[in-house]
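# Only the shape, not the letters, is given here:
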């Protein structure tokens, strides 16, 4: 079992209450009451309605200076005050994946400012990115991003999502769902 | 099932005769007579002695101009004359994966000339790269590279391997095995 694997299981059990599920682009996900977040291949309490899997991995676009700047301020998932959270599953188009590395990087940061937009939400919003595209089983999404923050910081998180969705990078997003949770 | 998944199964059956297995860095692999190469999760004829899995994926380092140059000359795996081949499983160190993208790219090409070294073997040597690190099951290697070529081109392939193993990039390789095959 890959120790970097995480499962996000929607159903009737799990640590988090699901407060909303919105289809942003393309198909949504079934309505569920709870979301369980499990590290590894661990068994789930009850049969989930959906189970999304992803692995944390190495950085794909960050430069040394960008990484250093983020590492200095970012906070881990799970702070006691971070009672609200969100899971944002995303699938990008084949056109995105066919682009060479330099063109993906240019769209990602030089033209979309993905890192700088994310930077503005730090340290209040914590984030953990999971990759799904290169799992052995076909997954419905390419990325699962898991965020948490205090209820007072929810507007800051809303601004982050709105800013990213205006970018050139997001034109390559062909499916996006927003799952909001609380605990 | 991910359509980009490939399995490389060593045992007593498979399309290829194994002519040698050499441990280059770290542990080798068990001696086997045959290697089967299977797309997808398809079942194998007999229980393999080892089974390595990987997925083809998007380019991680290539620029547009480098990709265009390679695409113009590279050949597909499986040409009728390509009776010899090799599977090269590689694992890189945690230090490699901790590097930011710009530093991995600089080591990969600006300082190790990985693409240019590979370019010299084209079109004679065909190559398909598979990623293992982000599979859900823990895999013993990060990459599986599968090559084929005519018997007359084997010295050219030997030169390719020797040149890559002299590079700065290869200092981050902590396990490498060379499996040579024929059909």
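It's in. Fair warning: this is a prediction, and the values are worked out from it, not measured in the lab.

# ranges for the strands of chain A?
A:5-11, A:16-25, A:34-39, A:50-55, A:84-92, A:126-131, A:143-149, A:173-182 (DSSP state E).

# so who does the spatially most central residue of chain A touch?
The geometric centre of chain A, computed from its C-alpha atoms, lies nearest to residue A:145 (Cα atoms, centre = their mean), at 0.9 Å. Residues near residue A:145 by Cβ atoms under 8 Å, 6 or more residues apart in numbering or on different chains: A:87-88, A:90, A:127-130. Placement of C-beta: from N, CA and C, glycine included.

# so what's the closest residue in space to residue A:81 that isn't next to it in sequence scoring on pLDDT?
Using Cβ to Cβ, 6 or more residues apart in numbering or on different chains and skipping residues adjacent in sequence, the residue nearest residue A:81 is residue A:150, 4.6 Å away. pLDDT, residue A:150: 98.

# Ok, residue A:42 next?
75.

# And for it, nearest residue in space, chain neighbours not counted?
residue A:7 (7.5 Å).

# Give me the neighbour count for that neighbour.
Applying other Cβ atoms under 10 Å in any protein chain shown, we find 21 other residues in the vicinity of residue A:7.

# Now for it: which residues touch it?
Residue A:7 touches A:36-38, A:40-42, A:44, A:51-53, counting by Cβ under 8 Å, 6+ apart.

# Buried among these? Make that a ChimeraX selection.
The following ChimeraX line selects those of the contacts of residue A:7 that are buried, judged by 16 or more other Cβ atoms under 10 Å in any protein chain shown:
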select /A:36,37,38,52,53
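
# and which of the contacts of residue A:7 is nearest to residue A:23?
Of all those, the one with the least separation from residue A:23 (Cβ to Cβ) is residue A:52, at 14.7 Å.

# what residues are up against the residue lying closest to that closest one once chain neighbours are set aside?
Computed as Cβ to Cβ, 6+ apart, the closest residue to residue A:52 that is not its neighbour in sequence is residue A:8, at 4.6 Å. Applying Cβ under 8 Å, 6+ apart, we find residue A:8 in contact with A:35-37, A:51-54, A:87, A:144, A:146.

# go on, residue A:178?
A:20-22, A:24, A:86, A:88, A:161.

# what's the farthest-apart pair in the residues you listed?
Counting by Cβ to Cβ, the most remote pair of these is A:21 and A:161, 14.4 Å apart.

# Just give me how far the longest helix along chain A sits from the chain centre.
Longest helix in chain A by number of residues (criterion: DSSP state H): helix A:154-165. For helix A:154-165, the separation from the chain centroid amounts to 13 Å (computed by Cα atoms, centre = their mean, to the nearest Å).

# between that helix and strand A:84-92, how big is the angle?
Computed by axes from the mean of the first three to the mean of the last three Cα atoms, to 10 degrees, the angle separating helix A:154-165 from strand A:84-92 equals 10 degrees.

# sorry, back to before: considering the contacts of residue A:8, which is situated nearest to chain B?
residue A:53 (6.1 Å; Cβ to the nearest Cβ).

# what's the burial count for residue A:4?
Residue A:4: 17 neighbours (other Cβ under 10 Å).

# any chance of the contacts of residue A:145 in JSON lines, with distance to chain B, pLDDT and neighbour count too?
Formatted as JSON lines, the contacts of residue A:145 follow (distance: Cβ to the nearest Cβ, whole Å; pLDDT from 0 to 100; neighbours: other Cβ atoms under 10 Å in any protein chain shown):
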{"residue": "A:87", "distance to chain B": "18", "pLDDT": "98", "neighbour count": "23"}
{"residue": "A:88", "distance to chain B": "19", "pLDDT": "98", "neighbour count": "20"}
{"residue": "A:90", "distance to chain B": "15", "pLDDT": "98", "neighbour count": "21"}
{"residue": "A:127", "distance to chain B": "17", "pLDDT": "98", "neighbour count": "21"}
{"residue": "A:128", "distance to chain B": "15", "pLDDT": "98", "neighbour count": "17"}
{"residue": "A:129", "distance to chain B": "12", "pLDDT": "98", "neighbour count": "16"}
{"residue": "A:130", "distance to chain B": "10", "pLDDT": "98", "neighbour count": "24"}
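
# Low-confidence stretches in chain A?
Low-confidence segments of chain A (pLDDT under 70): none present.

# Spell out which parts of it neighbour chain B.
A:1-5, A:41, A:53, A:55, A:57-64, A:66-67, A:97-98, A:100-103, A:105, A:131, A:133-139 (Cβ under 8 Å from any Cβ of the partner chain).

# If any of those are buried, give me the ChimeraX selection for them.
Selection of the buried residues among the residues of chain A next to chain B in ChimeraX, burial being defined by 16+ other Cβ under 10 Å:
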select /A:2,4,5,53,55,58,59,60,61,62,63,66,67,100,101,102,105,131,133,134,135,136,139
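
# Show me the residues of chain A next to chain B that map onto helices.
Per DSSP H, those map to helices at A:64, A:66-67, A:97-98, A:101-103, A:105.

# among these, which two are most distant?
Those two in these that are separated most widely, counting by Cβ to Cβ, are A:64 and A:98, at 27.4 Å.

# give the contact list for the nearest residue to residue A:2 once chain neighbours are set aside.
Nearest non-adjacent residue to residue A:2, counting by Cβ to Cβ, 6+ apart: residue B:138, 4.7 Å away. Neighbour list for residue B:138: A:1-3 [criterion: Cβ under 8 Å, 6+ apart].

# now do residue A:26
A:91, A:174-176.

# wouldn't residue A:140 be in contact with residue A:175 here?
Yes. Using Cβ atoms under 8 Å, residue A:140 is in contact with residue A:175, at 7.5 Å.

# Please identify every residue contacting each of the two.
Counting by Cβ under 8 Å, 6+ apart, the residues touching both residue A:140 and residue A:175 are A:89, A:91.
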